[in-house]
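Engineer: Fold the following and give me the result.
(4 chains)
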2 protein chains.
Amino acid sequence: MSHHITLQDVANEVGFSRGYVSRALRSRPEVPPETQAKVVAAATKLGYRPNLVAKSLRSKKTKTIGAIIADIDNTFYAAIVNGIEDTAREKGYSIILSNTDEDPARERAAVDLLGDKRVDGLLITPVRKQTVELLRKKRPGIPFVVVARYFDKSIFQINYVGVDEVLGGFLATEYLIKKGHRRILYVNAPSRFLNARERLAGYKKALLQHQLEFDENLIITLPNQTMEEAYELTKKALSKKLDFTAVFAYCDFFALGAMRALYERGFRIPEDIAVVGYDDIEFVSYLQVPLTTVHTPKYRLGKEAIELLVRIISEKSPKKSEQIIIKPMLAIRKSV
Amino acid sequence: MSHHITLQDVANEVGFSRGYVSRALRSRPEVPPETQAKVVAAATKLGYRPNLVAKSLRSKKTKTIGAIIADIDNTFYAAIVNGIEDTAREKGYSIILSNTDEDPARERAAVDLLGDKRVDGLLITPVRKQTVELLRKKRPGIPFVVVARYFDKSIFQINYVGVDEVLGGFLATEYLIKKGHRRILYVNAPSRFLNARERLAGYKKALLQHQLEFDENLIITLPNQTMEEAYELTKKALSKKLDFTAVFAYCDFFALGAMRALYERGFRIPEDIAVVGYDDIEFVSYLQVPLTTVHTPKYRLGKEAIELLVRIISEKSPKKSEQIIIKPMLAIRKSV
DNA sequence: TTGTAGGCGTTATCAA
DNA sequence: TTGATAACGCCTACAA
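Structural biologist: Next comes the predicted model:
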């Protein structure tokens, strides 16, 4: 790497001191316009570029936020990251992206590394609760915001941006009920996620409100959360003669897997079996049977999370934690 | 932010000097095991964590790579980023993610900012050729690798990791021809992308090899590269009675838009009109009619790009540029 | 209006 | 085996 031009080089060129050149380049009021122009000209001529590493060391601010994301390959999280990156840039922050691929060890390593890199704050879609606790205990001083997923009611003690999941589950289920469905298969994520428990709560709430009985056999859980698993377990459910006329899926990917199983068994959607998804990822409106699904505002999730985090970073004294819960809407298409 | 523990604090605790503590913590051979253990114990007790910003200033290495990505929201790029992040982490680098959203101004700004942050290298899926030239001229010293897209033959002067696009276009077209198709609509991206021109070259090559005539009317171009546009322009093409029996799409998203148009007009896939996509993004194998498409190794693209970049970074003297061209394969499913 | 000096936290060099 | 010193590039008191 060729030698980097520093303030000293510019100072030598114009005959001022380092410190004064620094002030000139930052347009401080005490520097008269002509002097400032001269300094800027010299800096440009020499190709001076500020060293933000040095600036960070000095200012104790890196203007960088760490984003610890569970699965960047998943379009749901990619959309959140889009909101994160966009908003962070607007606010003057860069994003260091850490993908954990749902691995707790990688998550812990990311917290350590980003802490050592002295990020100004952290956004996280946590894999497990312990990481968040670790973050609080071993890294006090790093402000952080949890996004999109959590594990239990202790979210009320942390900064959190998420979706009203009970409402989401309720909207989907009630819509199916109103369309005449009585037995609805719910293809859920593991219950260690609060999201999964809350959507199920919404499902139950809708049943209750319409005086329908809850049948535990209609709830199936995917330990590995894959499309493949959704396909397999839906096939299995079909074999069990559970007699359902609709499927509500925890996410659109599960819906896709379930739909494949339905098609394979010769069912038509929605004539024979209706399907509702969750998340509204980009392409599901382009399916042959466009998917009815709970729309979650992914970009906005990322945006609000950054805005909250930046607010926290710039507070002098720590305030009490804040939760931002966004209400989802049902995107009604053709699969019901 | 509470006070960070520094080497000085650990030094005070154990009674050695800063410098010696630094050496002890890095297990330098001159430090005897017991001393080292004592120092480590004290560091742990105090909760010492190295300040990587200071280390970067001192070493002139940030162990950080900037990734300038055209559209993180697009699952194609998200998959590349997955490969990038994974491999970078393995090699000891962090990734600062910059999303340009196909905006040249944002791209230029990203180059500047990342340069000022003193990243050790840059990966870029460029929006326009000028940015790459700018990078070379105004930021010599920053090693960079271009990934997945480029504009003309000058890729042979830069470090590039991409796919053999001519082969991709050829494979798709030849497969259709072998299935008996004679008139194939090609839904292409704008020709300023080398990718678009090369896939078209592959398309033509296949026609030529099978003594089929090239009809310019069968080539349609999407200026804005959206699914919506693919839908609209395919509808338009259908109205023109171009008499095609197959569609080859520049990417799976275009294929989705085209399929929607086909379905809307009552065509069955593949019985009436066959469709081949490009990229093989995750979910297309889960469509009701699983899509036959050119599989591009997205994760590997990111992985190879990082490996090449890291190699360049660690070279003392600049070597001549390198191009890594990966051969795509056809993923044969049900849409042909 | 301009300069001087010190320090942010780390590490390499030289000396003891 | 250990310490002192200087330097990475920047910014800001304080002084002139």
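Engineer: host element of the closest residue to A:Ser27 other than its chain neighbours?
Structural biologist: Spatial nearest neighbour of A:Ser27, chain neighbours left out: A:Gln36 (6.4 Å); criterion: Cβ to Cβ, 6 or more residues apart in numbering or on different chains. Quick note: C-beta positions are derived from backbone N, CA and C, even for glycine. Assigned by DSSP states H and E, A:Gln36 falls within helix A:33-46.
Engineer: ditto for A:Pro140
Structural biologist: Here A:Pro140 is assigned to no helix or strand, by DSSP H and E.
Engineer: Okay, buried residues for the host helix or strand of A:Ala109 please.
Structural biologist: Under the criterion of DSSP H and E, A:Ala109 resides in helix A:104-116. Residues of helix A:104-116 classed as buried: A:Arg106, A:Glu107, A:Arg108, A:Ala110, A:Val111, A:Leu113, A:Leu114, A:Gly115 (neighbour count, 16 or more other Cβ atoms under 10 Å in any protein chain shown).
Engineer: Check stretch A:135-148 too.
Structural biologist: Result for stretch A:135-148 [16+ other Cβ under 10 Å]: buried residues A:Leu135, A:Arg139, A:Ile142, A:Pro143, A:Phe144, A:Val145, A:Val146, A:Val147, A:Ala148.
Engineer: quick one: average pLDDT of that stretch?
Structural biologist: Mean per-residue pLDDT for stretch A:135-148: 94.
Engineer: Tell me where chain A has strands.
Structural biologist: A:64-69, A:94-99, A:121-124, A:144-147, A:160-163, A:184-188, A:219-221, A:246-249, A:274-279, A:292-295, A:323-326, A:329-331 (DSSP state E).
Engineer: which one of those lies closest to chain B?
Structural biologist: Checking the strands of chain A against chain B by Cβ to the nearest Cβ gives strand A:94-99 as the closest, at 4.4 Å.
Engineer: Could you tell me the end-to-end distance of stretch A:187-199?
Structural biologist: Using Cα to Cα, to the nearest Å, the end-to-end distance of stretch A:187-199 comes to 11 Å.
Engineer: Show residues contacting that stretch.
Structural biologist: The set of residues external to stretch A:187-199 that reach it, using Cβ atoms under 8 Å, 6 or more residues apart in numbering or on different chains, is A:128, A:148-153, A:155, A:162, A:165-166, A:168-169, A:200, A:219-223, A:225, A:230, A:233-234, A:247-251, A:254-255, A:258, A:278.
Engineer: close to DNA strand D, is stretch A:88-98?
Structural biologist: No. Using Cβ under 7 Å from any atom of the strand, stretch A:88-98 stays clear of DNA strand D, coming no nearer than 13.8 Å.
Engineer: that older thread, state the number of residues packed around the residue nearest to A:Ser27.
Structural biologist: For A:Gln36, the neighbour count with other Cβ atoms under 10 Å in any protein chain shown is 17.
Engineer: if I read this right, it contacts A:Glu30, doesn't it?
Structural biologist: No. With contact defined as Cβ atoms under 8 Å, A:Gln36 does not count as touching A:Glu30 (10.1 Å).
Engineer: burial measure for A:Ile326, as a count.
Structural biologist: Applying other Cβ under 10 Å, we find 15 residues neighbouring A:Ile326.
Engineer: picking that back up, ok and the helix holding A:Ala109 relative to strand A:64-69, angle-wise?
Structural biologist: Orientation of helix A:104-116 against strand A:64-69 (axes from the mean of the first three to the mean of the last three Cα atoms, to 10 degrees) gives an angle of 180 degrees.
Engineer: so what does helix A:104-116 touch, helix or strand wise?
Structural biologist: strand A:64-69, strand A:94-99, strand A:121-124, helix A:129-138 (3 or more Cβ pairs under 8 Å, 6 or more residues apart in numbering or on different chains; DSSP states H and E).
Engineer: ranking the ones you listed by burial, who's on top?
Structural biologist: Burial of the helices and strands packed on helix A:104-116 is given as mean neighbour count (mean count of other Cβ atoms under 10 Å in any protein chain shown); strand A:64-69 ranks first at a mean of 27.
Engineer: what's near enough to touch A:Lys320?
Structural biologist: Here A:Lys320 is in contact with no residue (Cβ under 8 Å, 6+ apart).
Engineer: Quick check: of the buried residues of helix A:104-116, which lies closest to DNA strand C?
Structural biologist: Each of the buried residues of helix A:104-116 was checked against DNA strand C using Cβ to the nearest atom of the strand; the closest is A:Gly115, at 12.0 Å.
Engineer: roughly how far apart are the closest one and B:Val294?
Structural biologist: In this view, A:Gly115 and B:Val294 are 43 Å apart by Cβ to Cβ, to the nearest Å.
Engineer: try A:Asp112
Structural biologist: A:Asp112 is 41 Å from B:Val294, by Cβ to Cβ.
Engineer: repeat for A:Lys319
Structural biologist: To B:Val294, A:Lys319 is 53 Å away according to Cβ to Cβ.
Engineer: out of those two, which sits in the busier spot?
Structural biologist: For A:Lys319 versus B:Val294, neighbours defined as other Cβ under 10 Å are more numerous around B:Val294 (28 against 10).
Engineer: Could you double-check that A:Leu57 lies in contact with B:Val53?
Structural biologist: Yes. In this structure, A:Leu57 is within contact of B:Val53 by Cβ under 8 Å, at 5.0 Å.
Engineer: So for those two, which sits in the more crowded spot?
Structural biologist: Set A:Leu57 next to B:Val53 and count neighbours by other Cβ under 10 Å: B:Val53 wins out with 24 against 19.
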